[in-house]
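*Asks:* Test case, fold it:
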Amino acid sequence: MSTDSGDDLTFDRAFQAPADASERLSPLVRRLVARNGGPFTFTGTCSYIVGEGEVAVIDPGPDDPAHVAALLDAVRGECVTHIVVTHTHRDHSPAARALKFATGAPIVGCSPHRRSRELGLGETSAMEGSGDVAHVPDHELAEGDTVSGPGWTLCALATPGHTANHLAFALPEERTLFSGDHVMAWSTTIVAPPDGSMSDFMASLDKLRGRDEAIYWPGHGGPVREPQRFVRALIHHRRQREASILNRLKAGDRDIPAIVAAIYAGLAPALAGAAALSVFAHLEDMVARGIAATDGPPRLEGAYRAG
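*Replies:* Have a look, this model is predicted:
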């Protein structure tokens, strides 16, 4: 898909990494990939070790004793000073508690799990079960807060959208951003109400567009190279998706299943629920901006029309 800036949104799905094996990515960064691959997690959750000797572990991953054991083996002889969590989905944060028990390191980063807002009466989200409601950090980090160790600094950047509490972390010593699930090279990010918000997601992309990191290390898959170009392409992709939804409304489609069927050709059945929530997230934002309309507050099962 060609963007108005000349950038193309292309995905890297050739990523391969040995599961639960430590891999050196840069002088300051190592990665281990958990064995939890699937439609929403690609090859598995990427956990990162930052520093040498005194280290931080970013996104320890799912409640998987084998992955926790692999992380502990990778930092054997070192001191874990911080366990950093980008957001509270069950593929990212639950292992923080086991790692804290084993190392004594504090859990820092995002706040406890919360919704961006409520859905309509009687509605539930197909993604709500992904939330790690047991997550309780020792120290919540806000925009600009830092944790550090010998030769490394992690600076929190608020990037809500995928979840209400999502944080990314900049590593200025290497012009690197740990982007969590906000920006990934293998796929677009799921924005699923009530945890996710399309308006927040787009604002967070705009924030990243103005930064100068040279590489992103995401929560799933390989690195995002040329990140400013990639972020511009993501923004354009979302705008094109919005235009497609508006075109379907103008063509007479009134509900989310009809729109999903029209704009997601060949969609795998396992992803149908996520696609419906993504369309709903766009429609919420479009109604708020007057581009689309509905009777009453936006609802997953509501009827919509062009504004």
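
*Asks:* Show me what the longest helix along the chain packs onto, helices and strands only.
*Replies:* Looking across the chain with DSSP state H, the single longest helix is helix 227-251. With contacts taken as 3 or more C-beta pairs under 8 Å, 6 or more residues apart in numbering; DSSP states H and E, helix 227-251 sits against helix 198-209, strand 215-218, helix 256-263, helix 272-288, strand 292-294, strand 304-306. Yep, even glycine has a C-beta here, placed from its N, CA and C like the rest.

*Asks:* quick check, distance from stretch 68-77 to the centre of its chain.
*Replies:* Taking C-alpha atoms, centre = their mean, to the nearest Å, one finds the center of stretch 68-77 at 25 Å from the center of the full chain.

*Asks:* Ok, stretch 17-36 next?
*Replies:* 18 Å.

*Asks:* Buried ones in it, by neighbour count?
*Replies:* Within stretch 17-36, the residues that count as buried by 16 or more other C-beta atoms under 10 Å are A17, D20, L25, L28, V29, R30, R31, L32, V33, A34, N36.

*Asks:* And for it, what's in contact with it?
*Replies:* 43-52, 61-62, 64, 66-67, 70-71, 73-74, 91, 151-152, 171, 173-174, 176, 217, 222-223 (C-beta atoms under 8 Å, 6 or more residues apart in numbering).

*Asks:* In helices only, show me those residues.
*Replies:* Checked against DSSP H, the contacts of stretch 17-36 include these in helices: A66, H67, A70, L71, D73, A74.

*Asks:* Restricted to strands, list the buried residues of stretch 17-36.
*Replies:* V29, R30, R31, L32, V33 (DSSP state E).

*Asks:* pLDDT added to the residues you listed, as TSV?
*Replies:* Below are those laid out as TSV (pLDDT from 0 to 100):
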residue	pLDDT
V29	98
R30	98
R31	98
L32	98
V33	97
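
*Asks:* Can you name the residues that contact R241?
*Replies:* I263, S278, H282.

*Asks:* Which residue would you name as the spatial centre of this protein?
*Replies:* Residue closest to the mean C-alpha point of the chain, counted by C-alpha atoms, centre = their mean, is D181 at 1.8 Å.

*Asks:* What separation do you get for that residue and R238?
*Replies:* 15 Å (C-beta to C-beta, to the nearest Å).

*Asks:* Test my guess that E301 contacts D255.
*Replies:* Yes - counting by C-beta atoms under 8 Å, D255 is a contact partner of E301 at 7.5 Å.

*Asks:* and the longest helix of the chain, average pLDDT?
*Replies:* For helix 227-251, the mean pLDDT works out to 97.

*Asks:* just stretch 172-183 next, same as before
*Replies:* 98.

*Asks:* Now stretch 62-75: buried residues?
*Replies:* Applying 16+ other C-beta under 10 Å to stretch 62-75 flags P62, D63, D64, H67, V68, A70, L71, A74, V75 as buried.

*Asks:* Let me fix that, I meant to ask about stretch 139-153.
*Replies:* E140, L141, D145, V147, S148, G149, W152, T153.

*Asks:* Where helices are concerned, which of the residues you listed count?
*Replies:* Among the buried residues of stretch 139-153, no member falls in helices (DSSP H).

*Asks:* mind giving me TSV with those residues and columns for distance to H162 and pLDDT?
*Replies:* Formatted as TSV, the buried residues of stretch 139-153 follow (distance: C-beta to C-beta, whole Å; pLDDT from 0 to 100):
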residue	distance to H162	pLDDT
E140	18	98
L141	17	98
D145	20	98
V147	22	98
S148	26	98
G149	27	98
W152	25	98
T153	24	98
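
*Asks:* Pull the most distant pair out of the residues you listed.
*Replies:* Within the buried residues of stretch 139-153, two members stand farthest from each other by C-beta to C-beta: E140 and W152, at 20.6 Å.

*Asks:* Low-confidence regions, the stretch 1-150 of the chain specifically.
*Replies:* Filtered on pLDDT under 70, the stretch 1-150 of the chain yields the residue ranges 1-7, 116-129.

*Asks:* hmm, 50 instead?
*Replies:* 1-6, 121-124, 126 (pLDDT under 50).

*Asks:* any idea where the strands of the stretch 51-200 of the chain begin and end?
*Replies:* Ranges of strands in the stretch 51-200 of the chain, per DSSP state E, counting those that start in this stretch, are 54-58, 79-85, 107-109, 139-140, 146-149, 152-158, 167-171, 176-180.

*Asks:* Buried deepest among these, which one?
*Replies:* strand 176-180 (a mean of 27; mean count of other C-beta atoms under 10 Å).

*Asks:* Could you list the paired strands of it along with their orientation?
*Replies:* When pairing is defined by DSSP bridges, strand 176-180 lines up against strand 167-171 (antiparallel), strand 215-218 (parallel).

*Asks:* Give me the contacts around the shortest one.
*Replies:* Taking C-beta under 8 Å, 6+ apart as the criterion, the residues outside strand 215-218 that touch it are 25, 29, 31, 46, 48, 174-181, 183-185, 223-225, 227, 230.
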